[in-house]
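[1] with the sequence up front, the predicted model follows.
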Amino acid sequence: MTSSMQSIDLDQGSTQGSGQPAGLRATALRRLRRDPVAIFAFSLLVLLVLAALFGGPLAAHLTGHGPNQQFPNALASDSQPLGVMQRTYYPNGTVHNPHGSLFILGADELGRDVLVRVLYGARISLLVATSATAIAVVIGITLGLLAGYLGGWVDAVVNRMTETAMAFPNLLLAVGLAVVVGPGLLNVVIIIALFTWYYPARIVRGTTIATKQMTYVAAARTVGARPRRILLVHLLPQVWGPLLVYATSIIANNIIFEAGLSYLGVGVPPPTASWGQMLSDAVTSGMYQTDITLALAPGLALVLTMLAFNLLGDSLRDALTPGGR
Amino acid sequence: MRTVILKRLGGALIQVIAITVFAWLLFYVISKFTGANPAQRIAGKSATAQEIAEVARIYGLNKPYWQQYLIFMDHLIHGNFGFSYVQMRPVSQILWPATRATASLVLGAAVIWLCIAAPIGAYGGMHPRSAGDVTGRAIAILGMSIPVFWLAPMISYFFGYEPTQGKILGLPILHQGTTIFPIVGYVDFGQNPVQWAYHLILPWITLAIGFAAVYIRFIRTLTAEQLAEDYTRTAKAKGASTARVLLRHVGRNIAPTVTVLLGADVATALTGVFFVETVFAIPGLGYTGLSAIENLDYPVITGVIILCALIAVLLNTIVDLLHAALDPRLRRITGQ
């Protein structure tokens, strides 16, 4: 999971955003519309968001199974869960609850519907990853803008902080913190944000340093603009472009981060369906060896999500690079 | 050169202090506010009041915070990571063999991911947008999207477990009980190097795939950059073969950068081992740490986290100094 973290190449971010010609946004959009990979990734993400918003309740309604509802008769006598597209039967051979007897992706080791849980898991993944990213971006923008604009000791302090934070094996320290504060949805969001703010901070700082030397900022200062106005009106709008590219990578990382914490048992507490939790349940119980779907379903959901974010991030970067690749 | 070294060592010292303060705050101060008694946590659930008092005395937990931190640091400097009351032995005795196993895993994986990434990345850099390059980049982005904690059970299942059931990809084509690759068991290098490697093949590949993907992209970019330089054109013009240009000229120039990246990534790979080691039952730091989390063995959790963080800082420092030694340009620039 950390390997993808390395892919956020911070040096590139610091050089972007400087001297962007007007109309770059239009150029970028035109390029994106012509890029089949970008369209594919974007469609995949739209599907994912739809699945997260409506997929869970819809599947729950159609199958008649709640995400945390346990069906003892979805387990065979040797406590083997139902496989893909199997139905539950009563011991006398009659179909149990004809409407809700079908388990499309089978059941897990507690007799819960895997499909419904995977769809509900999408909610947790996206919710945790986007809110943690939002918090990290707010912290990052604040510190990055201040460090880049003020320079001097503020810059030095922020720089030391980001450098030190980057040298840490993040997940490990996050696990340590999670062990101490205990599991919980909000805790996970805060912990992830605490360990990812320095990516946006560095990008914003770099962009700010490049932008503040431009003539229009000097002009604004000459006509008497206060620092607050320069920061918010002249410098802040310039950071969004590079930030957007990295935000997609950061969201992707945070999805893995959440899944990793939940996998280690210190993330979103059970019985809430989360992909990491589902994987961990299947693997630690050894049940994935008898029924590989238990590990395949949440795992493929994770891989597809990551793929969509990574592809979109790459396409955005290409589209926003002046002069093309 | 001397200022470069001093500056870097100063940075490392700040990082070490930051890590120890963080770990100390985490396990000795914050836990107090979440309603836990640190002495109780260290001594374990079944400890008597007398044992808890003894632990509080050893760690100075009744003294002011700054003294507690100094005692904590004093123990660390003397290699004393505390005592595990769950396993009834010193934490350092638990950590040392675990570090050896983890080092085997991570270093072997690093060799594999470089061997995968170097040819694919170099080819992509030489022939940008060719079919091979597009394929390589597609593989890279797919590899980056696969989380290691999913890859580990998948590899263990399809290459380790399924063949023992006489199947490959669900097709019954093997004899029952065939073992292609072992999925559990770890043999120390000192005992039997061949068995050591054989038992580590699947874990190595699991850990290597994600990093190989990232390195394909790194090496592709670096190679393309170097090939656009005048000196490689000169080398080609005077008749040097492609292999010679790549190895003698390009390779030499990108080696320092790759070394620095490797230092940072071997350190981050220490988090990947948590997932790989538990699936393949390798008694390393990750396995030790995770079972400590399950058993609420706080001294071991603290020890694993501090040790991994310190190894990361140490590796990064060594690699940065090595970089300065390998690349004369850097010496001058940062020395100013």
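    Received the coordinates, thanks.
[2] and the nearest residue to residue B:5 once chain neighbours are set aside, how many neighbours?
    Excluding the flanking residues, the one nearest residue B:5 by CB to CB, 6 or more residues apart in numbering or on different chains is residue B:321, at 6.3 Å. Where C-beta positions appear, they are placed from N, C-alpha and C, glycine not excepted. Using other CB atoms under 10 Å in any protein chain shown, residue B:321 has 17 neighbouring residues.
[3] assumed residue B:321 was part of a helix.
    Yes: per DSSP: H, G, I helix; E, B strand; the rest coil, residue B:321 lies within a helix segment.
[4] which residues does residue A:173 contact?
    A:195, B:22, B:305, B:309 (CB atoms under 8 Å, 6 or more residues apart in numbering or on different chains).
[5] check residue B:136 too.
    Neighbour list for residue B:136: B:120, B:121, B:123, B:124, B:216, B:220 [criterion: CB under 8 Å, 6+ apart].
[6] now the stretch 151-300 of chain B against chain A: closest residue?
    Residue of the stretch 151-300 of chain B nearest chain A, by CB to the nearest CB: residue B:210 (3.4 Å).
[7] distance of that residue relative to residue A:246?
    Separation of residue B:210 from residue A:246 (CB to CB, to the nearest Å): 19 Å.
[8] same thing with residue B:4?
    Residue B:4 is 30 Å from residue A:246, by CB to CB.
[9] low-confidence stretches in the chain?
    In the absence of a named chain, this looks at chain A. Scanning chain A for pLDDT under 70 picks out A:1-24, A:76-79, A:85, A:89-101, A:167, A:322-325.
[10] nope, chain B
    B:1, B:31-32, B:34-36, B:329-336.
[11] return the residue of it that is most distant from the centre.
    Using CA atoms, centre = their mean, the residue of chain B lying farthest from its centre is residue B:238. It sits 42.7 Å away.
[12] out of the contacts of residue B:136, which are close to chain A?
    Residues of the contacts of residue B:136 in contact with chain A (CB under 8 Å from any CB of the partner chain): none.
[13] how about the residues you listed, which pair is most distant?
    B:123 and B:216 (9.6 Å; CB to CB).
[14] who's more crowded, those two?
    residue B:216 (28 against 20).
[15] measure how buried the closest residue to residue A:294 other than its chain neighbours is and give me the count.
    Nearest residue to residue A:294, sequence neighbours excluded (CB to CB, 6+ apart): residue A:282, at 3.8 Å. Residue A:282: 26 surrounding residues under other CB under 10 Å.
[16] residue A:282 contacts residue A:296, correct?
    No: applying CB atoms under 8 Å, one finds residue A:282 not in contact with residue A:296, separated by 9.1 Å.
[17] show me which residues of the biggest helix by length in chain A are buried.
    In chain A, taking DSSP state H as the definition, the longest helix is helix A:114-150. Buried residues in helix A:114-150, defined by neighbour count with 16 or more other CB atoms under 10 Å in any protein chain shown: A:114-133, A:135-137, A:139-141, A:143-149.
[18] what's the local residue count around residue B:67?
    Neighbours of residue B:67 under the rule other CB under 10 Å: 11.
[19] repeat that for the one 10 residues further on.
    Residue neighbour count, defined by other CB under 10 Å, stands at 9 for residue B:77.
[20] what about it, distance to chain A?
    20 Å (CB to the nearest CB, to the nearest Å).
[21] just to revisit the earlier point, restrict the buried residues of helix A:114-150 to those near chain B?
    Applying CB under 8 Å from any CB to the buried residues of helix A:114-150, none is adjacent to chain B.
[22] in chain A, what residue spans correspond to strands?
    Along chain A, counting by DSSP state E, strands occupy A:86-87, A:102-103.
[23] of those strands, which is nearest chain B?
    Here strand A:86-87 is closest among these (CB to the nearest CB), at 16.6 Å.
[24] give the pairing partners of the closest one; include direction for each.
    Paired strands of strand A:86-87, with direction, are strand A:102-103 (antiparallel) (DSSP bridges).
[25] ok, and for stretch B:286-294, which residues are buried?
    Those would be B:286, B:287, B:288, B:289, B:290, B:292, B:293, for stretch B:286-294 by 16+ other CB under 10 Å.
[26] please state the offset of that stretch from the chain centre?
    Distance, stretch centre to chain centre, for stretch B:286-294: 16 Å (CA atoms, centre = their mean, to the nearest Å).
[27] just stretch A:34-44 next, same as before
    18 Å.
[28] contacts only, for the closest residue to residue A:28 other than its chain neighbours.
    Nearest residue to residue A:28, sequence neighbours excluded (CB to CB, 6+ apart): residue A:319, at 4.2 Å. Under the criterion of CB under 8 Å, 6+ apart, the neighbours of residue A:319 are A:27, A:28, A:29, A:31, A:32, A:35, A:38.
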